[in-house]
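> Quick check, what structure comes out for this input:
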Amino acid sequence: MPTRSARTAWNGSLMEGSGQVELSSSKVGTYEVSFPKRTAEEADGTTSPEELIAAAHSACFAMALSSEIGKAGGTPQALEVSAAVTLGQKDGAPTITTIKLTVRGEVDGLDAAGFEKAAQAAKVGCPVSKALAAVDISLDAALDS
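The predicted model follows:
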């Protein structure tokens, strides 16, 4: 299996400094990061570790769910997955406290209960979920009506 990489160039102190995150393996972009913007309500054109984790988790979960739906005898037509990663405080330090996965799907061959079962299996089996096992991960899964 391949290894993927990213790199960050940082200049300055935590509060006054900033950096650029480069997605090195794919070469799809370089993105600005800043601690004050990381902890602000508005991202204001910067990304954050939490947003990058959310992107990784939503993509990984979508792939895992597609696999689980197939194992259950269904066929995924469309999956819309979002991940909301919350940065909070724990023991006085910034900590990723929760991740909420939300998925809506159009699936042939599975009812709502079968879809929920596949989604729960994907949540447990997704490699990113496993890597983030110390975080409280919730799941809201439903078929589109």
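> Check which helices and strands the longest helix belonging to the chain sits against.
Determined from DSSP state H, the single longest helix within the chain is helix 49-71. Packing partners of helix 49-71 (3 or more C-beta pairs under 8 Å, 6 or more residues apart in numbering; DSSP states H and E): strand 75-90, strand 93-108, helix 112-125, helix 127-131. Heads up, the C-betas are built off the backbone N, CA and C, glycines and all.
> Show me what counts as buried in it.
For helix 49-71, burial by neighbour count (16 or more other C-beta atoms under 10 Å) applies to 50-54, 56-58, 60-69.
> if we can go back for a sec, save the helices and strands packed on helix 49-71 as a markdown table, and put in distance to Glu32 too.
A markdown table is the format used below for these (distance: least, C-beta to C-beta, whole Å):
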| stretch | distance to Glu32 |
| --- | --- |
| strand 75-90 | 17 |
| strand 93-108 | 19 |
| helix 112-125 | 31 |
| helix 127-131 | 24 |
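> Quick check: which of these is nearest to Asn11?
Asn11 lies closest to strand 93-108 among these, at 20.4 Å (C-beta to C-beta).
> Tell me the gap between that closest one and the middle of its chain.
Relative to its parent chain, strand 93-108 has a centroid offset of 7 Å by C-alpha atoms, centre = their mean, to the nearest Å.
> again with stretch 119-135
Going by C-alpha atoms, centre = their mean, where stretch 119-135 is centred and where its chain is centred differ by 10 Å.
> any low-confidence regions in the protein?
Nowhere does the chain drop to pLDDT under 70.
> try 80 this time
When residues are selected by pLDDT under 80, those of the chain lie in 145.
> one step back: now the longest helix of the chain against strand 93-108, angle please.
Counting by axes from the mean of the first three to the mean of the last three C-alpha atoms, to 10 degrees, helix 49-71 lies at 30 degrees to strand 93-108.
> and the angle for helix 49-71 with helix 112-125?
Here the directions of helix 49-71 and helix 112-125 differ by 130 degrees (the same axes, to 10 degrees).
> Output helix 49-71 as CSV, restricted to C-alpha atoms.
Written as CSV, here are the backbone C-alpha positions of helix 49-71 (Å, rounded to 0.1, in the frame of the first residue of the first chain):
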residue,chain,number,x,y,z
PRO,A,49,-5.8,20.4,10.8
GLU,A,50,-9.4,19.9,11.8
GLU,A,51,-10.7,20.7,8.3
LEU,A,52,-8.1,18.4,6.7
ILE,A,53,-9.1,15.6,9.1
ALA,A,54,-12.7,16.2,8.2
ALA,A,55,-11.8,15.9,4.5
ALA,A,56,-9.9,12.7,5.1
HIS,A,57,-12.6,11.2,7.3
SER,A,58,-15.5,12.0,4.9
ALA,A,59,-13.6,10.5,1.9
CYS,A,60,-12.5,7.4,3.8
PHE,A,61,-15.9,6.8,5.3
ALA,A,62,-17.6,7.2,1.8
MET,A,63,-15.2,4.5,0.4
ALA,A,64,-15.8,2.2,3.4
LEU,A,65,-19.6,2.6,3.2
SER,A,66,-19.6,1.9,-0.5
SER,A,67,-17.8,-1.4,0.2
GLU,A,68,-20.1,-2.3,3.1
ILE,A,69,-23.2,-1.6,1.0
GLY,A,70,-21.8,-4.0,-1.7
LYS,A,71,-21.1,-6.7,1.0
